[in-house]
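**Student:** What follows is a predicted structure for the sequence shown.
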Amino acid sequence: MGNNPYSPHTDSDRAAMLERIGVRDLDELLGAIPRDARHPKLGVGPGLSELEVQAHLEALAKMNTNAGAGPFFIGGSIQRRYIPAAVPVLALRGEFLTAYTPYQPEVSQGTLQAVFEYQSLMAELLAMDVVNSSMYDGGSATAEAAFMAVRVTGRHKVVVASDVDFTYRRTLRTYGRGPGLEIVEVPTANLATSAEGAACLIVQHPDAFGTLVDVRAIAEAAHAAGALCVQVTEPHACALLEPPGALGADIVVGEGQPLGITMSYGGPHLGIFACREALVRQMPGRIAGQTVDADGTRGFVNTLQTREQHIRREKATSNICTNEALAAITAAVYLSLLGPDGLRAAARAGVARAHALAKRLAALPGCTIANDGPFFDRFTLRTEMGGWDLRNALIARGIQVEVTASHFVHGRREGRDDIIVQCTELTTEADADALVDAVAQLTRSSETVATR
Amino acid sequence: MPALEPLLFELARPGRNGRHVRTSETAEIPDQFKRKAPLRLPELTEPQVVRHYTHLAQLNYSVDTGMYPLGSCTMKYNPKVNDRVAGLFADVHPRQSYRTTQGVLALAYELEQMLMKITGMDFVSLQPQAGAQSEFTALLVFKAYHAKRGEAKQRRRIIVPDSAHGTNPASAAMCGYEVTTVKSDARGNVDLDALKSALGPDVAGFMLTNPNTLGLFEERVREVCDAVHAAGALVYGDGANMNALLGVARPGDLGFDCVHINVHKTFSTPHGAGGPGAGPLCVKAHLRPFLPKPWIERDADGTYHYDTAREDRVPAGQGDSIGTIKQRLGNFGVLARAYTYMKTLGEEGLVETGRDAILSANYLLALLRPAYDVAYERPPMHEFVISAAKQKKQGASALDISKALLDEGFHSPTVYFPLIVPEAMMIEPTETEPTETLDAFAAAMLRIAERVKTDPAAVRDAPRNTPLRRLDEVGAARKPVLRYRGT
């Protein structure tokens, strides 16, 4: 007793259990295990008290610079946004947190109804027919969308814009190695003319650099070639921009983290996945549906399970089993707290602050905004200094930005060496001032160096 | 449990707005891109939202509310300190420089070391976000390994036992492999003769869960691994049942080339109503070059960075790596919880965990044996499978019994899995349930078995004490209603 603080068995419990089982000791139960492999020494060190563990983890956490510690402009698919106090209080209640997949719907209505509400809220936001109840993240959702398009069309070529988030494209390429898909990367401007023979065209709007994209034209080109249009999007953008369903997208994917989920160094997050009604039986992942009980009362169950791995095994639409249901519930709580006005306000603040900041930066000598058109709540800043040097100099001043990683194509950096500036409702006037001042100083001194 | 709860949409009324985020700023968006479709999200006050989700939470069964004996899911208690310390890492973005995330990298590096020691493997990738994604990752690694040896085209089949989790064949098919199923023998092991005749130069790998989904340890596991290796194929370990092996045996000592760990099971991170989880992949040295990138490296001065992403330099390239499954370190928040659990338990606690899990399962089986058929008469590891075939003949199926258990205040075991046992009920008590609870669960199961004999119709009519009675799943699938569309 006592080595596992969460196990209740005393030594006398264990003795009584062995007696009831009818064996002298535990080893009598382990006869199937090769004797020389039994009871290995692990060498993981002694256990700590809760107090010691807490102190140890606090010390580790102090070795990080939190995003909130200074001006912070890193973003893209994962965003630092305001999370209302009620979100974690509700979503992290033990009854949601410590439940499992709702295999017994009669005692899991909380999970099932919350997930059904998530599906309904997201369907409204995206203007799509059907939303599943959560993939792992935006990257794997993008790969699953490509796989689904391949199943639907029977084609093996996937065309993806090189302005799609770098991490999504990398994940897509990795997944594609399995069935040996032909994955072609072209600039967004060339997507429409690359549709011939493709299972799908994958476009991101707003793209990884924040630029707004004419998705309608791309969807039309896809459909004319018998391909599907997959749109990668962001939930806040859908509150202000024409939603994917209105633009002709057949499948919509994205990252749901900005909906009240912490950044947590990349996970756990939430993959958004939506499609048109006609495609629902090809959709990967879990879906909650409405039904009635034996008395005719409304209730919810996991449905269309004949697509899933536990029934269909190798013929399933996907292998996904453990998913991100809690993250979907969190997103539902966030959306119901903010409501339409709150969501629009959060999105609008990011756009307004990004545009104001871009104007100030563009006015500095040697600085240009390098987007290929109108942008949303992030933009690309090009300076003579180069992205990496500028970023490292900014980090030294306590300002965090990132370099345009999205222009890594096939693992190589191509073309630009800029920084991306993401704004949200958490970006303050003081943050903006700090960035403008620092860039002004740094670019001035780099000019001096260049002329010397 | 409370009465049922209306949908959010039914509680809402236009004009009931929160003040969580407000701004007077205007966004300059060109007309052609502006949303024209109305945004019909429900409008509610915060108190309404709080009551709504609190009521919904109360409609859920969970580990925090009771015993959850779902076989193969390892629903052990989730320590609260894990959740608290995971929150210390909430405000870090994965695209921050390694210079500003040394704490993240230090934790991850040490977690990798501990996982290697516990599994007996040589290297770890923390990227996979779930067990099934880790299976898929491992099969990509197999494919890359065979390709490197010039055998990619030739090796197009994956073998799985008939007792395998459904994710195994699904992952293999997703990875472009053909799937061959081999049967189990009379003792619940992989049938070695069937396996040997299925093996050949076209096989890429064999996926083995050990202990298997019958709760049994493969008695000839080393012969199984040897046979697979002799055919030039690789052995994948599905680590979903790793809880039984903690300090008892290591996959790396038994012949496996790799194993994934469902840290949300073995290392007590909460399952979150179906997820998130995390599924680190542990491999032997010969598979390391193919693991996802980037890898964490530790310098002599104790600082950490990534091998490919020294960020301010051109990446070193991915070499033989399959690429990226998830940027950086997968579900870090889940990994931080698992790390905390392992640090809390330490060597002795982890060893005690495996042993107590085995003890609890064998104890509970001894209590149930008088009333239910046992699928395989061998000592199980941390879970076991009984059959309700006898009760089915008396008029109530495993499904009926599972619903009657809900009326008794317990969550049900996993039913109808594994597929090879008729009327299967797969029970995993875990090490965190006291004997009093195990006794009460067994008493409920025995009472139900008695009721099946005398009044099977009453059991078929269960549940009656839950918020809803039995739900029409067939109707839900026939006419899918997948979102609220107004009344």
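**Tutor:** Done, it's in.
**Student:** show me the contacts for residue A:324.
**Tutor:** A:134-137, A:268-271, B:272, B:275-276 (CB atoms under 8 Å, 6 or more residues apart in numbering or on different chains). Heads up, the C-betas are built off the backbone N, CA and C, glycines and all.
**Student:** and residue 266, how many residues sit next to it?
**Tutor:** Since you didn't name a chain, this refers to chain A. Neighbour count of residue A:266, defined by other CB atoms under 10 Å in any protein chain shown: 25.
**Student:** wait, I meant chain B there
**Tutor:** Residue B:266: 27 neighbours (other CB under 10 Å).
**Student:** ok, how many other residues are close to the closest residue to residue B:23 other than its chain neighbours?
**Tutor:** Computed as CB to CB, 6 or more residues apart in numbering or on different chains, the closest residue to residue B:23 that is not its neighbour in sequence is residue A:349, at 4.3 Å. With neighbours defined by other CB under 10 Å, the count for residue A:349 comes to 25.
**Student:** circling back to that earlier point, now, which of the contacts of residue A:324 lie within strands?
**Tutor:** Taking DSSP state E, the ones among the contacts of residue A:324 that sit in strands are residue A:271.
**Student:** Could you say which helix or strand holds the residue nearest to residue B:23?
**Tutor:** Applying DSSP states H and E as the criterion places residue A:349 in helix A:325-362.
**Student:** Which positions within that helix qualify as buried?
**Tutor:** A:325-358, A:361 (16 or more other CB atoms under 10 Å in any protein chain shown).
**Student:** Enumerate every residue touching residue 176.
**Tutor:** Just so you know, I chose chain A. A:143, A:146, A:158, A:183.
**Student:** wait, chain B
**Tutor:** The contact partners of residue B:176, by CB under 8 Å, 6+ apart, come to A:178-180, B:143, B:156.
**Student:** Output the residues you listed in CSV, with neighbour count and secondary structure appended to each entry.
**Tutor:** Shown next, in CSV, are the contacts of residue B:176 (neighbours: other CB atoms under 10 Å in any protein chain shown; DSSP: H, G, I helix; E, B strand; the rest coil):
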residue, neighbour count, secondary structure
A:178, 22, coil
A:179, 15, coil
A:180, 11, coil
B:143, 23, helix
B:156, 15, coil
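**Student:** what's the burial count for the nearest residue to residue B:130 once chain neighbours are set aside?
**Tutor:** Take residue B:130 and drop its neighbours on the chain: the residue closest to it by CB to CB, 6+ apart is residue A:322, 4.0 Å away. Residue A:322: 27 surrounding residues under other CB under 10 Å.
**Student:** Pull the contacting residues for residue A:322.
**Tutor:** Taking CB under 8 Å, 6+ apart, one finds A:101, B:130-132, B:262, B:264, B:271, B:274-277, B:279 in contact with residue A:322.
**Student:** so which strand or helix has the closest residue in space to residue A:306 that isn't next to it in sequence?
**Tutor:** Excluding the flanking residues, the one nearest residue A:306 by CB to CB, 6+ apart is residue A:312, at 6.5 Å. Taking DSSP H and E as the criterion, residue A:312 maps to helix A:309-312.
**Student:** Only C-alpha atoms, please: export that helix in PDB.
**Tutor:** Provided in PDB are the C-alpha atoms of helix A:309-312 (Å, rounded to 0.1, in the frame of the first residue of the first chain):
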ATOM      1  CA  GLN A 309     -13.800   1.300 -37.700                       C
ATOM      2  CA  HIS A 310     -15.300  -0.700 -34.900                       C
ATOM      3  CA  ILE A 311     -17.900  -2.100 -37.300                       C
ATOM      4  CA  ARG A 312     -16.400  -1.900 -40.800                       C
END
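**Student:** Give me the buried positions along that helix.
**Tutor:** So helix A:309-312, judged by 16+ other CB under 10 Å, has buried residues A:309-310, A:312.
**Student:** Show me what the longest strand seen in chain B packs onto, helices and strands only.
**Tutor:** Identified as the longest strand of chain B according to DSSP E is strand B:203-209. Applying 3 or more CB pairs under 8 Å, 6 or more residues apart in numbering or on different chains; DSSP states H and E, we find strand B:203-209 packed against helix B:131-148, strand B:157-161, helix B:167-174, helix B:221-230, strand B:234-238.
**Student:** mind putting the ones you listed in TSV, mean pLDDT and distance to residue A:288 included?
**Tutor:** Listed next are these as TSV, based on pLDDT from 0 to 100; distance: least, CB to CB, whole Å:
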stretch	mean pLDDT	distance to residue A:288
helix B:131-148	98	19
strand B:157-161	97	29
helix B:167-174	96	20
helix B:221-230	98	39
strand B:234-238	97	27
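**Student:** Distance to chain A added to the ones you listed, as TSV?
**Tutor:** Formatted as TSV, the helices and strands packed on strand B:203-209 follow (distance: least, CB to the nearest CB, whole Å):
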stretch	distance to chain A
helix B:131-148	4
strand B:157-161	9
helix B:167-174	4
helix B:221-230	6
strand B:234-238	11
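**Student:** want to throw those into TSV with distance to residue A:97?
**Tutor:** What follows is the helices and strands packed on strand B:203-209, written out as TSV (distance: least, CB to CB, whole Å):
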stretch	distance to residue A:97
helix B:131-148	19
strand B:157-161	32
helix B:167-174	23
helix B:221-230	35
strand B:234-238	25
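**Student:** Give me the distance between residue A:350 and chain B.
**Tutor:** 8 Å (CB to the nearest CB, to the nearest Å).
**Student:** correct me, but that residue touches residue A:427?
**Tutor:** Yes: assessed by CB atoms under 8 Å, residue A:350 is found in contact with residue A:427 at 7.2 Å.
**Student:** Following the chain onward from the lowest-mean-pLDDT helix or strand in chain A, which element is next?
**Tutor:** Counting by mean pLDDT, DSSP states H and E, chain A has its least confident helix or strand at strand A:412-413, which shows a mean of 52. Downstream of strand A:412-413, the first helix or strand assigned by DSSP H and E is strand A:419-422.
**Student:** what about that following strand, distance to the chain center?
**Tutor:** 18 Å (CA atoms, centre = their mean, to the nearest Å).
**Student:** So what touches that strand?
**Tutor:** Under the criterion CB under 8 Å, 6+ apart, residues A:73-76, A:79, A:208-210, A:350, A:354, A:357-358, A:361, A:377-381, A:383, A:387, A:390-391, A:394, A:401-404, A:406, A:435 lie in contact with strand A:419-422.
**Student:** Kindly state the pLDDT recorded for residue A:388?
**Tutor:** Residue A:388 is assigned a predicted lDDT (pLDDT) of 87.
**Student:** what about it, is that helix, strand or coil?
**Tutor:** helix (DSSP: H, G, I helix; E, B strand; the rest coil).
**Student:** Tell me how far it lies from chain B.
**Tutor:** 4 Å.
**Student:** ditto for residue A:128
**Tutor:** According to CB to the nearest CB, residue A:128 and chain B sit 9 Å apart.
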